[in-house]
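Undergrad: Please work out how this folds:
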Amino acid sequence: MKLNELRDNPGATKKRTRVGRGPGSGKGKMGGRGIKGQKSRSGVSINGYEGGQMPLYQRLPKRGFNKPNRKSFAVVNLGLIQKFIDAGKLDAANVTEDTLIESGLIRRKLDGVRVLAKGEITAKATISVTGASKAAVEAVEKAGGALTVATVAAAE
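TA: As a prediction, the model looks like this:
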């Protein structure tokens with residue numbers, strides 16, 4: 001094989017349609033744009049424009065409210081914490097937001113870490129985080145551990 005014999009696999013490349021190159025091409029003369037009018041001209045971008053009629057996105061009612069200072073928490077499930085304790089990546093005696101990040105269970109704190117009760121926990125874990133659901137607190141205490149919620153970070 002020589003360099004001048006190199007070819008793509010059959011069907012690997014497809015030639016682009018060259019618009020406006022004669023009647024034999026099937027896209028000659030007007031180039032598929034129809035006759036006259038704004039859209040047949042070049043330099044036109046009219047997305048969402050409805051010819052002077054009120055556009056759909058303005059006709060529909062606006063609903064809801066986005067709180068500008070809302071907090072977003074990194075969410076951790078109890079089942080995952082148990083899995084990481086079993087794997088030896090977390091120390092059950094001391095589970096904090098920083099140890100959760102170091103173990104790779106969560107990527108970043110955001111406005112804090114919130115523990116939810118999905119999954120089961122069997123280890124006697126001492127967990128201290130920014131937030132937790134009531135069910136998660138009950139589940140940890142039932143397993144013989146303690147889940148403390150840092151009120152200072154929640155009040156900020």
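Undergrad: contacts and neighbour counts: CA atoms only from here.
TA: Noted.
Undergrad: name the helices or strands packed onto the helix or strand in which T148 is found?
TA: Element membership of T148, judged by DSSP states H and E, is strand 146-149. Contact analysis of strand 146-149 by 3 or more C-alpha pairs under 8 Å, 6 or more residues apart in numbering; DSSP states H and E lists strand 126-129, helix 134-142 as its packing neighbours.
Undergrad: Run through who's touching the first one.
TA: Same thing as strand 126-129. Counting by C-alpha atoms under 8 Å, 6 or more residues apart in numbering, the neighbours of strand 126-129 from elsewhere in the structure are 92-97, 112-115, 145-150.
Undergrad: List the buried residues for the strand holding T148?
TA: If you call a residue buried by 16 or more other C-alpha atoms under 10 Å, then strand 146-149 has these buried ones: A146, L147, V149.
Undergrad: check contacts around the first one.
TA: If I follow you right, that is A146. Neighbouring residues of A146 by C-alpha under 8 Å, 6+ apart: K124, A125, T126, I127, V137, V140.
Undergrad: Check it and give its pLDDT.
TA: According to the per-residue confidence, A146 scores 87 in pLDDT.
Undergrad: Please tell me how far T17 sits from D8.
TA: Taking C-alpha to C-alpha, to the nearest Å as the measure, T17 and D8 are separated by 19 Å.
Undergrad: what about those two, which has more around it?
TA: Neighbours of T17 and D8, each counted by other C-alpha atoms under 10 Å, are more numerous for T17; the result is 10 against 7.
Undergrad: Can you give me the end-to-end span of stretch 104-124?
TA: By C-alpha to C-alpha, the extent of stretch 104-124 from end to end equals 21 Å.
Undergrad: Ok, stretch 56-72 next?
TA: As for stretch 56-72, its first-to-last residue distance stands at 32 Å under the measure C-alpha to C-alpha.
Undergrad: who touches that stretch?
TA: Counting by C-alpha under 8 Å, 6+ apart, stretch 56-72 makes contact with G48, L110, D111, G112, all of which sit outside it.
Undergrad: rewinding a little: parallel or antiparallel, which strands does the strand holding T148 pair with?
TA: Listed by DSSP bridges, the sheet partners of strand 146-149 and their directions read strand 126-129 (parallel).
Undergrad: Spell out which strands sit alongside the helix or strand sitting right after the partner strand along the chain in the sheet and which way each one runs.
TA: Past strand 126-129, further along toward the C-terminus, the next helix or strand under DSSP H and E is strand 131-132. For strand 131-132, the paired strands and their directions (DSSP bridges) are strand 113-116 (parallel).
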